[in-house]
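1. give me a model of this one.
(chains A and B)
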Number of protein chains: 2
Amino acid sequence: DRDRFILSAGHGSMLIYSLLHLAGYDLPMEELKNFRQWESRTPGHPENTHTKGVETTTGPLGQGIANAVGFALAERHLAAVFNTDEHTIVDHYTYVFASDGDLMEGVAYEACSLAGHWKLGKLIVYYDDNDVTIDGHTDLAFTEDVLKRFEAQGWHTQRIDGHDVDALVSATDAARAETDRPSIISCRTIIGYGVPDEEGTHSVHSDPLGEEKVRATKERLGIPLEPTFHVPAEVYDYMRAAGGTGADARQRWDGTWAAYAEAHPDKYALLSAALQHDLPAGWDAQLPAFEPGSKPLATRAASGKVIDALKQAVPTLVGGSGDLTPSNKTMASDDVDFQAFEARGEYFRFGVREHGMGAILNGLNLHGGLRGYGGTFLIFSDYMRPTIRLAALAKAPTLFVYTHDSVGLGEDGPTHQPIEQIASLRAVPHLNVYRPADANETVACWKQMVTDPMPSVIALSRQGLPVLEANPEGVARGAYVVSEAGNGDPAGIVLATGSEVHIALDAQKQLAEAGVHVRVVSMPCWELFDQQPEAYKDEVLPGSVTARVSIEAGASLGWHRWTGPQGVVIAVDRFGASAPYKTIYEHYGLTADAITDAMRSLVG
Amino acid sequence: DRDRFILSAGHGSMLIYSLLHLAGYDLPMEELKNFRQWESRTPGHPENTHTKGVETTTGPLGQGIANAVGFALAERHLAAVFNTDEHTIVDHYTYVFASDGDLMEGVAYEACSLAGHWKLGKLIVYYDDNDVTIDGHTDLAFTEDVLKRFEAQGWHTQRIDGHDVDALVSATDAARAETDRPSIISCRTIIGYGVPDEEGTHSVHSDPLGEEKVRATKERLGIPLEPTFHVPAEVYDYMRAAGGTGADARQRWDGTWAAYAEAHPDKYALLSAALQHDLPAGWDAQLPAFEPGSKPLATRAASGKVIDALKQAVPTLVGGSGDLTPSNKTMASDDVDFQAFEARGEYFRFGVREHGMGAILNGLNLHGGLRGYGGTFLIFSDYMRPTIRLAALAKAPTLFVYTHDSVGLGEDGPTHQPIEQIASLRAVPHLNVYRPADANETVACWKQMVTDPMPSVIALSRQGLPVLEANPEGVARGAYVVSEAGNGDPAGIVLATGSEVHIALDAQKQLAEAGVHVRVVSMPCWELFDQQPEAYKDEVLPGSVTARVSIEAGASLGWHRWTGPQGVVIAVDRFGASAPYKTIYEHYGLTADAITDAMRSLVG
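-> Residues are numbered from 1 along each chain as shown, chains lettered A, B, ... in the order given. Below you'll find the model as predicted:
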């Protein structure tokens, strides 16, 4: 329940490092001296994975302030759900330090629009209004009326002299007193304060001062020239006392938490588990199972049923959609909208703000106590790329739910048909990308995702797909033999993911009729398969079987790794088209006939 | 010099199709009936490549309005540069139809902030304020004061009843009269106007009405029930007369253009060439050439010198940076900032608005008469992914200049170090991705880019790199032998791009000392190499040489295609680190020793 401080302008990372050091965090002076060096705890931009006291990874502008909306959202929702009349478990502020660059980024407008809409009164932003960016004076490119814009978005605004500490304290008090609106305090500051001849310049923004200017600045400000890293004892005393205040607050909270455990054991168990990234006992008992051969079902629809079952069992699983709820199937049947007047609601209406959604979810997931997911069309993962990467980098376990995952979406046409998105997401480090072939694989993928403390992406079909035998162990290994060659001795292997697995299975039948017996491998998650022991990989893809054909309704990039140079990659390396989806599949050669022809050419 | 109309809310594509049909464009009724079918000129969302009269490809929300800022920017700059006291060659409005969804997207805020800053008075937006999105009423997620926000961004605002045609006309007149600010007209409308029981609902937004409701609506509005596609003769007459007005305007313009040709032959030649995507004669005469072995130079610095030379010769080449001018080296020595008070300026200060920059450049490039480029760090290509894809889809020849292209950027750390970006961009259809190895390859890449009518991406190093022999023919073929095996009979091939080519060359020397003679292949553009005849590909990468090692400081995805399953891919499949770049290269195994070891293990 600590207050959170987020340095959205991450390039000023030494600000937070020096404050953490002074306040008594485990960040010794040696680390400050080791700034931006290999394996230091003081990297160029703040990383929550490296440094205690850093709440999120910032640097790409606009992300920190948008993450902060997620922190404040988590606080509001958790408070509404878990606090009782007697026990205030969750009750904190989220403070942000943001720069001109942060406020120019679209993601900041998106997230701040939602913060205003949701009336997140405990979110307080200090805007470092210093008139300077890398290119020069903000007059070059940023002349909007910032506070008026925040007013338009429903925020409480103030303007102060940022070098006036009393003004800062009073403005903060006023911001805290305003409970119905988030607050922004525009702090007029001078960049490079104290540096002779460089105050207010953009050179002081980016360039190291050098020894001479450091000396001149110290002289001007009356700071001893030696040692280079100098902290007066009274500064340590003052700041360590602040650390002590924090320790007292923590102790009080521990007491409340213990009392809460006794008074509300169920809620306590639920929140404890969530805080430790655990799931409550029996979380998967009600997950759906689908009868093989039953009515075809889109994997997005299967995903909707999984979400429904999961949210019944795991109330700390929350999420929403970027204004595509009916298409993404992200809303559970009992979900209530989270709104300013209903903070207990577990469903978020993000509006058409994919980037803001991603950044808010990353913040919410880093807050702790909740696991957040968000849905949109796969094509619009492009709008939120920076947040997917930052989720993986910052270990924010956001679940990215992407439907309409190929040209299979049909008539909406190429602007809405993902081609390169799956390949592009596979390139992101430390991110599992799932593309299930049917309803049962969808269930298994979700099980992987919610038990994994890292973020995941799942790509789901718009169109209905036949239901296969469940093979959760196969899905957990990333790839598996979904249908062995009829004679048990494959002449070739067809590899596929998602909706194309069924085309591969059709081709297998065609080929068998022609006496060519092939194996079909479903590869719902390349990354998991990559992590398997070589023995398992060889079992699924024996080196001796070089006649290989892959099929996926997306870019070919990466597939040659699995097919080898002799293999054939059936893919889509051009943009889609506006037409009924079966017509597109036919014209783009995503057919059983194409697989059959390719395989026959390979096996002779 | 026609006025431009951009349907930003592209999902209402039938609006523009029916208007084009009625106004006499080559879009017969058969095409309207063929809506959203294979190879029709009426795809689900408007595509400028499919339909005359459609100026840009819209559908992904926020893009159209941001493109429109680029159209208006092109108009303003071209008018300032080319109009004379006697001849008004460029003088038109840019009209936009935008929805709630458009205005929620961050890219719209970014672009509109610049439109206000630049005082683009001939940009006029009709905001279809209908209270409805896919999820339901806008109260769910979009409650900001839209007009106040536009005022804060320096816009002229009006509010009208969108069903009142007289009000629409007067508001348009007022918007046109306002020359110093862009205008937005909030048009309060009822979605599904005329549909019994469905007016103002979100179901009418997305769901087809069906025969019964179409009948009831027609009855209510007094429209004949048959034929289904019915246009009263007086509607055709009225609309075709509008087409005639356009024809007259065109004829007048042709006269002015002919007079201009006579009076200002140089300017005429320049603009004519630019309108046809041609370059003026002698455009490449002053391009730099670098002495092999001369002082190491970062490819971003070489790129800066190319831009300098190009802009001297090609004044219609314009561009800017997302607030990273000193780092991206995108500003030519004679460049002047484009500002409201200096519309002749050819350099754009986009601010920290990568997404807006991409969308504005796409619009500017589709306008005609200018070729636009924009720079940022490669990592921030993620912020503008949707615009890169749309450039390729809409054939908007934007030049995306990305510097700091790997972990080689050093101390700024993993938030700023691209890993998956190059692979991700290679997955985009119809997009050439260049990664030059040195200053001379950089020149050759730029020559490819500016002579190609499609968009391109170039990835440039932060760090200095040795200068190699120029081989523009090799670069034009996408990959070439940069250094043959010492004995002319390679035992193996090392493949590399960009800064890693030099590491490969070092390894070649090490290996030669050990008696292993390998070829080094530089692959500055995979896509161009892919288009070469098989004979050339076999010449560069003979099938008989299977001992292959690739090295690139980025994701491995895609490299196995070139190395084959026996080969070794040296890549970076994890996030970067904050440290001096040589330290990172060492720790990440991006070294000549690593190549040497891998190659020796392959050749035995």
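2. strands of the stretch 401-550 of chain A, start to end?
-> Counting by DSSP state E, counting those that start in this stretch, the stretch 401-550 of chain A has strands at residues A:432-434, A:456-460, A:464-465, A:480-483, A:492-496, A:518-522, A:548-551.
3. need those in JSON lines with mean pLDDT, can you?
-> Output for the strands of the stretch 401-550 of chain A, formatted as JSON lines (pLDDT from 0 to 100):
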{"stretch": "strand A:432-434", "mean pLDDT": "98"}
{"stretch": "strand A:456-460", "mean pLDDT": "98"}
{"stretch": "strand A:464-465", "mean pLDDT": "98"}
{"stretch": "strand A:480-483", "mean pLDDT": "98"}
{"stretch": "strand A:492-496", "mean pLDDT": "98"}
{"stretch": "strand A:518-522", "mean pLDDT": "98"}
{"stretch": "strand A:548-551", "mean pLDDT": "98"}
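4. residue A:232 is nearest to which of those strands?
-> strand A:456-460 (48.8 Å; C-beta to C-beta). The way it works is simple: take the backbone N, C-alpha and C, and place the C-beta from them, glycine included.
5. by proximity to chain B, which residue of chain A wins?
-> Residue of chain A nearest chain B, by C-beta to the nearest C-beta: residue A:106 (2.1 Å).
6. and that residue, how close does it get to residue A:200?
-> Between residue A:106 and residue A:200 the computed distance is 27 Å (C-beta to C-beta, to the nearest Å).
7. quick one, what contacts residue A:519?
-> The contact partners of residue A:519, by C-beta atoms under 8 Å, 6 or more residues apart in numbering or on different chains, come to A:481, A:483, A:484, A:485, A:490, A:492, A:493, A:494, A:545.
8. gap between it and residue A:491?
-> 9 Å.
9. what's the overlap in contacts for those two?
-> Contacts common to residue A:519 and residue A:491, judged by C-beta under 8 Å, 6+ apart, are A:485, A:545.
10. would you say residue A:307 is within a strand?
-> No - read with DSSP: H, G, I helix; E, B strand; the rest coil, residue A:307 is helix and lies in no strand.
11. touching, it and residue A:332? I think so.
-> Yes - using C-beta atoms under 8 Å, residue A:307 is in contact with residue A:332, at 5.5 Å.
12. those two: who's more crowded?
-> Counted by other C-beta atoms under 10 Å in any protein chain shown, residue A:307 and residue A:332 do not tie: residue A:307 has more neighbours, with 24 against 20.
13. nearest to residue B:97 among the strands of the stretch 401-550 of chain A would be which one?
-> Residue B:97 lies closest to strand A:456-460 among the strands of the stretch 401-550 of chain A, at 31.6 Å (C-beta to C-beta).
14. output that closest one as CSV, nothing but the C-alphas.
-> Extracted in CSV, the C-alpha atoms of strand A:456-460 (Å, rounded to 0.1, in the frame of the first residue of the first chain):
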residue,chain,number,x,y,z
SER,A,456,1.7,-13.3,-23.3
VAL,A,457,-0.1,-12.7,-26.6
ILE,A,458,-2.9,-14.9,-27.9
ALA,A,459,-4.1,-14.7,-31.5
LEU,A,460,-7.6,-15.9,-32.1
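15. surely residue A:142 and residue B:114 touch.
-> No - counting by C-beta under 8 Å, residue A:142 stays clear of residue B:114, with 9.2 Å between them.
16. how long is stretch A:563-581 end to end?
-> Using C-alpha to C-alpha, to the nearest Å, one end of stretch A:563-581 lies 26 Å from the other.
17. report the rounded mean pLDDT for that stretch.
-> If you average the pLDDT over stretch A:563-581, you get 96.
18. now it: buried residues?
-> A:563-565, A:567-573, A:575-579, A:581 (16 or more other C-beta atoms under 10 Å in any protein chain shown).
19. and the stretch 351-500 of chain A, which residues reach chain B?
-> Residues of the stretch 351-500 of chain A lying near chain B by C-beta under 8 Å from any C-beta of the partner chain: A:351-353, A:355-356, A:379-380, A:382-383, A:385-386, A:389-390, A:392-393, A:411-416, A:419-420, A:423-424, A:426-430.
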